[in-house]
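Asks: A predicted structure for the sequence below; I have some questions about it.
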Amino acid sequence: MVAALERFDKIEVASAYQLVADAIEREIMSGRMRPGDSVGTEAALCAQFGVNRSTVREAIRVLEQSGLVRRGADRRLYASLPRYSGLSSRISRALILHEVTFRELWATARVLEIAAAEQAAENADAAIIALLEANQAQAESALEDPARLSHLDTEFHQLLAKATRNRVLELAREPAGLLFFPTTELIVRRVPEGAGRLVAAHRHLIDALKAGDAVQAALWMSRHIADWRKGFERAGRDLDEPVERVYARSVLRPPY
């Protein structure tokens, strides 16, 4: 009889601040509280929840970190939408800590980037194509600057994802996309033709988007991703090695 009772773990009671954070999050996620709506002052929240100021402040800290709440210029609290960059950088850190390999990163990129290229060809408008052309012009002038060119490559793929007008795809590819920079920089530094091939592939992709040709866009993205893998191997790296923690310095460094 005693043995049967010992199979159960002790129940953990959530902290008061977590209960407050969960209650506010439910209001936002349900749509009853929309982005831009006032969450209230700290004093008002203390009164509503029947808790002290430190509990409310800790709950707000959690919600601010998740991007669900922001402080306005008037110091009041407002519901907000999480930023893609904030969500993605946290997932990118997790990928590094889990020691994902380049092979895993490449296989995922192959699926998501080709899908993005196809959808971008179907949905890109003049404004986003202009941004891609501006990126291309900068890349062509940065062939001798591996760090600059690699940042521009990251930006190019972000713009391409934005051109899909598919926010699910845009957000899904971003965490892995943030890990492209350090590997691309490595390739551009060590493989003589790496920079030229990267810029040439981007040119073909832009032309495919201009023509609205999803087949050509997918074809050139497939070649671009294949080049990325070949370049990594030619740079003397093992496909099955982890995307090293040392790369995190570049991943989390703000772009130019």
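Replies: Thanks, I have it.
Asks: just for the stretch 151-256 of the chain, where's the confidence low?
Replies: Of all residues in the stretch 151-256 of the chain, those with pLDDT under 70 make up the ranges 244-256.
Asks: how about a cut-off of 90?
Replies: 171-186, 235-256 (pLDDT under 90).
Asks: so where do the helices sit in it?
Replies: 167-177, 180-190, 194-211, 214-234, 248-251 (DSSP state H, counting those that start in this stretch).
Asks: Looking at those, which one is packed in the most?
Replies: Neighbour counts (mean count of other CB atoms under 10 Å) averaged over each of the helices of the stretch 151-256 of the chain peak at helix 180-190, with a mean of 22. Every C-beta, even on glycine, is put in place using the N, C-alpha and C of the backbone.
Asks: what's in contact with that one?
Replies: Residues outside helix 180-190 that contact it (CB atoms under 8 Å, 6 or more residues apart in numbering): 102, 105, 109, 146-147, 149-151, 153-154, 157, 194-195, 198, 228, 231-232, 234-237, 243, 247, 250-251.
Asks: How about stretch 76-84?
Replies: Residues contacting stretch 76-84 (CB under 8 Å, 6+ apart): 27-28, 33-42, 45, 60, 66-72, 170-171, 174.
Asks: Find out how far that stretch is from the centre of the chain, if you would.
Replies: Centroid separation between stretch 76-84 and its chain, computed with CA atoms, centre = their mean, to the nearest Å, is 17 Å.
Asks: ditto for stretch 110-128
Replies: With CA atoms, centre = their mean, you get 17 Å for stretch 110-128.
Asks: shaky segments in the stretch 1-150 of the chain?
Replies: If you take pLDDT under 90 as the line, the stretch 1-150 of the chain has these spans: 1-14, 18, 25-35, 40-41, 61-68, 70-76, 80-102, 105, 147.
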